[in-house]
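Participant: One predicted model, sequence on top.
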Amino acid sequence: MEAHLLARLLDRFRPRYGWLPFTFLLGALACLLFSVLEVAWVAEDSFMVPIILLGFLCAALLAQRPVKPGIAWLILIPAGLAISLVLVAELWPPATVFERGVAAIAEYWRIRAALLVDRAAGWLSAVRGGGRSTETVVFALALATAGWFVAALLAWSVYRSRRPFWGLTLVGIALALNTFYGQAGLYWAVFFFGLAVSAGTYLTHLNREMEWESRGIDYSSEVRSDLLVYTAGISLGIMSLAMGIPAINFRAIADAFQSQEAVVAAEQTMARAFAGVAQPRTDEGSTGGGGMPRSFLLGGGPELAETVVMTATLRAASPADLSAFHWRSVNFDVYTGRGWQRSAERQELFARGELIPPPVAADGAAQRIRIVQDVNWLYDRRATRYTLGRPVLFSHDITVAWRGRDDLVGVLGRNNAPGRYSVETALIAATPDQLRAAVLADTPPEIRARYTELPDAVPARVIELAREITAPSAAGDGPIAAYDQARAIETFLHQYPYSLDLPAPPPDVDIVDYFLFDLQTGFCDYYASAMVVMARAVGLPARLGVGFRQQPPDAAGIQSIRQLDAHSWAEIYFAGYGWVEFEPTAPFAAPIAPALEATSAAPPPYTPGGLPVTIPERAPQRQIPWPLIIGLAAAAVVGLRLFGKRLRDLLAPRYAGLDDVQIAFARLQDGAAALGHPHHPAQTPAEFATNLLAAPMLHNPESAQLQPAVDRLTVLFNDRQYGGATADAAGLEAKTVWRVVQSSLRRLAWRRRFGRQH
């Protein structure tokens, strides 16, 4: 029955020319798709699979309908652009958003659209200013759109223009460009060639057959199968030769092409505009594999405490306690569950003394303290610049990395950057009361979109713990301010003991979940990651900052920073003030950074209902019950020895060893037993059939076709069992007859069972 339904569906949706050419065309597109995925132009290129498939199917559907070409492409072009935009920008809301209603969907779209605009604007700003950008959203949109139209044009050339080689040539050109510039494997081009030749030749012949039929020309139907066999043979032969003979020196041809002046200029421009396409990171603070940025602290030797990496002095415009701030290098925004990554960025060049613009979202509500720092980097020749606060200007040429338009990531020195440099920075001088008054809804939507994202795999108990820590008090005082929520999370994490003597985390665990519930001791990366993840879980925009901790200055006012002072911390965004540093790591807890004025006092930490949330009870460690496992294994061996034969007989297939005729008759006997007429060993096949057909419930018009079918099946069985007939000769007929018998017996069995129930 299932096979019959599948056959009807395939026939119902059968495309023009049939399923075989359709499969060939999809195979040719698959070669292009796998070649693109192999190159991995952008980090998340899985959107290419639905883009190419939908482009081909939509164009094929319209091409086979009586729609004018102009109208069809008026549908295909906007559809391709819209679907590419939705998939690349992730504009389709998840199910949880749909469940919350129209308002939640509109808010989701607003935030995702703002993030898309911010990313695109940042890329455009870098390109216009002659800078360098690792932002990939524009390239991803172009890649998705190109994939849609290549697939759509292939379907249109086959099903409407009836010129299959036009569309296949376009796919081949796209595949060649991807192979040339992306260094993809040549085997995809070889496979594509074989499929393209077979598909194009076969479709061309089918078009000629349609033309012959319209003109009434007689032709042999055997030509089609012969042509397909010959074409497949020739294609396989050419593919084998292409894989086996010495390769043409394509590298020499490519070098000659790329040495042309116009090509060099174009590639340099593309390299600047799309620097994030399939390019690794090399600057400090990078974890290409998504690990922990300060993991080198674990298991480190005494040299970490002995090696001085930098010295620095501070000159503040006004007296203030700056001990709560950190020497920062970069920040991370993408939590993977196993660590941190940095999303796409753009790079902008600034000359010596040129002002770095403040963020557009800063409305000047916060006072900012200007600080001049003299830094001497001693450890290596890295270009990363370390600053206390947001940098304003440097004493040498720099490269500033941004996310979007004005979200500063970090600063690199350029032009053989010196180890000794001066930098002027600005520190937020907001008081806790000012931050407490900041409204979360005023946060720019692109900030909320980028810095509240969490992987779907984050365990639910992490999110539940974050909500418990930041829950409103039982007195019903209303919503808790974002600042108080951040302080509550920070204070909660101070309960966990600190250690650098830690085991490697188990594979395939969420690091934050492992730290909070299993290990329950950690170092700075664990504390900071936990605070950022829990802050995001309650809707606070948060990110991970890395760099070094400040050290007390000597008599000359010089700080000496060592490798052991490498550190990570959490940063929370407050509307009107920007990013504020928090210190969740227990041994380094200090008054919150905004309390810069000498008269400011650190506020008491917020606790829900006035009661602090304690560390969750450690999850019990799973011990492998080896004695139980060994005992069960021994029992299984003994049981198989004593009862193995009975078990094999019990589990043996009902009709094992029977041919089609014998199986059909055995099924007839089982069906008769279900009707209350089981087969007795003393009965001959003919007696059994006579006894079954004599049953009163078979004497009705609906069972009229049952008697000849049972008689015929009995004859076939007798001939096979006693007359020496071969199973091959009668097997097909026995299957056909059994289908007739089966449907009737099934109806009678249900009727008998229904009658008993009533």
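Facilitator: Noted; the coordinates are in hand. Residues are numbered from 1 along each chain as shown.
Participant: contacts and neighbour counts: CA atoms only from here.
Facilitator: OK.
Participant: Asn331 sits in which helix or strand?
Facilitator: Using DSSP states H and E, Asn331 sits in strand 326-332.
Participant: and that strand, what does it pack onto?
Facilitator: Counting contacts by 3 or more C-alpha pairs under 8 Å, 6 or more residues apart in numbering; DSSP states H and E, strand 326-332 packs against strand 387-388, strand 407-413, strand 542-549.
Participant: got the CA positions of that strand in CSV?
Facilitator: This file holds the C-alpha atoms of strand 326-332, laid out as CSV (Å, rounded to 0.1, in the frame of the first residue of the first chain):
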residue,chain,number,x,y,z
HIS,A,326,41.6,46.6,33.5
TRP,A,327,44.2,46.9,30.8
ARG,A,328,42.1,45.8,27.9
SER,A,329,43.1,44.4,24.5
VAL,A,330,40.0,43.1,22.8
ASN,A,331,36.5,41.8,23.5
PHE,A,332,34.6,38.7,22.5
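Participant: Next SSE downstream of that strand?
Facilitator: With elements assigned by DSSP H and E, the helix or strand that comes after strand 326-332 is strand 334-335.
Participant: Quickly run through the sheet partners of that next one, with directions.
Facilitator: Paired strands of strand 334-335, with direction, are strand 340-341 (antiparallel) (DSSP bridges).
Participant: Output the helices and strands packed on strand 326-332 as TSV; include the columns mean pLDDT.
Facilitator: What follows is those, written out as TSV (pLDDT from 0 to 100):
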stretch	mean pLDDT
strand 387-388	94
strand 407-413	92
strand 542-549	95
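Participant: what ranges do the helices span in the stretch 51-200 of the chain?
Facilitator: Taking DSSP state H, counting those that start in this stretch to define them, one finds helices in the stretch 51-200 of the chain at 69-88, 95-99, 102-128, 137-159, 164-182, 187-215.
Participant: The host helix or strand of Arg450 - contacts with which helices or strands?
Facilitator: Per DSSP H and E: Arg450 is located in helix 445-451. Applying 3+ C-alpha pairs under 8 Å, 6+ apart, we find helix 445-451 packed against helix 102-128.
Participant: remind me, longest helix of the protein?
Facilitator: helix 727-757 (DSSP state H).
Participant: so how far is the strand holding Asn331 off the chain centroid?
Facilitator: 27 Å (C-alpha atoms, centre = their mean, to the nearest Å).
Participant: Within the sheet, what are the partner strands of it, with directions?
Facilitator: When sheet partners are counted by DSSP bridges, strand 326-332 sits next to strand 387-388 (antiparallel), strand 542-549 (antiparallel).
Participant: And the contacts of it?
Facilitator: For strand 326-332, the external contacting residues (C-alpha atoms under 8 Å, 6 or more residues apart in numbering) are 284-285, 340-343, 384-389, 409-411, 543-550.
Participant: Now with 7 Å, please.
Facilitator: Residues outside strand 326-332 that contact it (C-alpha atoms under 7 Å, 6 or more residues apart in numbering) are 285, 340-342, 384-388, 409-410, 543-550.
Participant: Check stretch 203-216 too.
Facilitator: Pro21, Pro164.
Participant: Quick one: mean pLDDT over it.
Facilitator: With pLDDT averaged residue by residue, stretch 203-216 scores 72.
Participant: do stretch 560-570 as well
Facilitator: Per-residue scores along stretch 560-570 average to 94.
Participant: That one: end-to-end distance?
Facilitator: End-to-end distance of stretch 560-570 (C-alpha to C-alpha, to the nearest Å): 23 Å.
Participant: Between strand 407-413 and the strand holding Asn331, find me the angle.
Facilitator: 110 degrees (axes from the mean of the first three to the mean of the last three C-alpha atoms, to 10 degrees).
Participant: For Gln520, which of the helices of the stretch 51-200 of the chain is the nearest?
Facilitator: Closest to Gln520 of these is helix 95-99 (C-alpha to C-alpha; 31.0 Å).
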